[in-house]
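One predicted model, sequence on top.
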Amino acid sequence: MKKISEFLWPIIGLGAVVVSCYLLYGQLKTLSWVQLQAAFAAIPLHHFLLAAVSTLVAYAALAWYDRIALIHLGVRHIGWLFVSLCSFTTYALSHNIGASVFSGALVRYRAYTSKGLSAAQVAVLVALCSFTFGLGTLLLGGFCLVYDPYLLARLDTLLPNVLTNPTTARIVGFVMLGAVALYVLGSVLHFRPLTIRSFKVEYPRPGIMLRQLVAAPMELLGAAGIIYFALPDSLNPGFIPVLAMFLASFSVALASHAPGGLGVFELVFLAAMQINPEDPSAATQKAAVVAAVLIFRLFYLLLPFAVAIVVVLLFERSRLAGAISSRKGAAEVPEPPLVAPGLEPEAIERRLEKTPV
């Protein structure tokens, strides 16, 4: 019998999509298609190119996640191209479909077991990649809150006052950075594994830890850069605020289990932009924000998703073709000749020659 959680999380995710889209519709119902087209047209070409570069940076860092995990496992025989394609496909699918419905572990298992990894090794790889992402979120989130504790006030319509208070926000930031510092110390000083219920944190070697501290922020900075470059200068509050808003929106979207964070991400980000509904240009400003978020979805989610489907189909086609050819090869191997005393071909020929006609 399947666990209840296997059905519960998809239901929660779909519920989050419905509620978020309903709330989002309430904010965007006055928005016209013409305004949205104008918002797209107002984005300079070089900003589109910079957003594309940011996407490449983000996915290159995600490929580095897998490489770091493989080095941790002592696996070095798998080439960068294979690792990059596997990582790209994994994240492109899981970001869109949602971790609650389609785990990236399945793609990694199919790919890496074909290269000789065991199921246990793949499980460690998946866990370390997830932990690397969490480490980057804590590091950058803590930095943003310590650097500017007023950033949480942008979510005052969604969070209680006790959390948006600058003092509380700065304390939360220091706690997040402290968690990262503890992880660093555990790696350097070789602490014993940290066990929380059934979850065990194995501190990696310092070299692995340092790679994580570079790769994780690199991915998040690249992803946030897509929206940063897509926002118009008149609305752009600067990279640090955009980064903080992105981290909050993306984290809430992941926690909601909504497929692709649909509706949830947009709702949180739009609220964080603090557009005054009484402003005569509010509709134009909302159109610009929606355009920026749609560009993020296009570059970071939808286009990679389309490419990932092609990669999966080609990979499975090659695996199937290899299996079929191996079976055919096995079927075409001739059976060994029957050799027994008195049945050797040479002996039979000599007997036939001696037999009178």
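Right, received. Where do you want to start?

so Cys144 sits right up against Ala248, yeah?
No. Contact between Cys144 and Ala248 fails when scored by C-beta atoms under 8 Å: they sit 9.2 Å apart. Bear in mind the C-beta positions are built from the backbone N, C-alpha and C, glycine included.

And the residue nearest to the spatial centre of the chain, how far from Tyr300?
For the chain, the residue nearest the mean C-alpha position is Tyr91 (3.5 Å; C-alpha atoms, centre = their mean). As judged by C-beta to C-beta, to the nearest Å, Tyr91 and Tyr300 stand 9 Å apart.

what does Ala69 give?
Counting by C-beta to C-beta, the gap from Ala69 to Tyr300 is 22 Å.

What of Val53?
For Val53 relative to Tyr300 (C-beta to C-beta), the value is 12 Å.

same deal with Ala287?
The gap separating Ala287 from Tyr300 is 20 Å, by C-beta to C-beta.

cool, and Arg76?
Here Arg76 is placed at a distance of 30 Å from Tyr300 (C-beta to C-beta).

Compare those two (neighbour count), which wins?
Taking other C-beta atoms under 10 Å, Arg76 and Tyr300 do not tie; Tyr300 has more neighbours (24 against 9).

low-scoring stretches of the stretch 101-250 of the chain, by residue?
For the stretch 101-250 of the chain, applying pLDDT under 70 flags the ranges 101-104, 194, 196-201.

would you list every one of the strands in it?
Using DSSP state E, counting those that start in this stretch, the strands of the stretch 101-250 of the chain run over residues 194-196, 199-201.

Could you find the closest non-adjacent residue to Ala105?
In space, and not counting its chain neighbours, Ala105 is closest to Val126: 4.7 Å by C-beta to C-beta, 6 or more residues apart in numbering.

Any idea how many residues pack against the one you found?
Val126 has 21 nearby residues by other C-beta under 10 Å.

was I right about it contacting Leu106?
No. Val126 lies out of contact with Leu106 (C-beta under 8 Å); the separation is 9.8 Å.

Let me know whether the residue nearest to the centre of the chain touches Leu62 as I believe.
Yes. Under the criterion of C-beta under 8 Å, Tyr91 makes contact with Leu62 at 5.1 Å.

Checking my notes, His77 in a helix, right?
No. Secondary structure assignment (DSSP: H, G, I helix; E, B strand; the rest coil) places His77 in coil, not in a helix.

any idea how far it lies from Gln121?
His77 is 13 Å from Gln121, by C-beta to C-beta.
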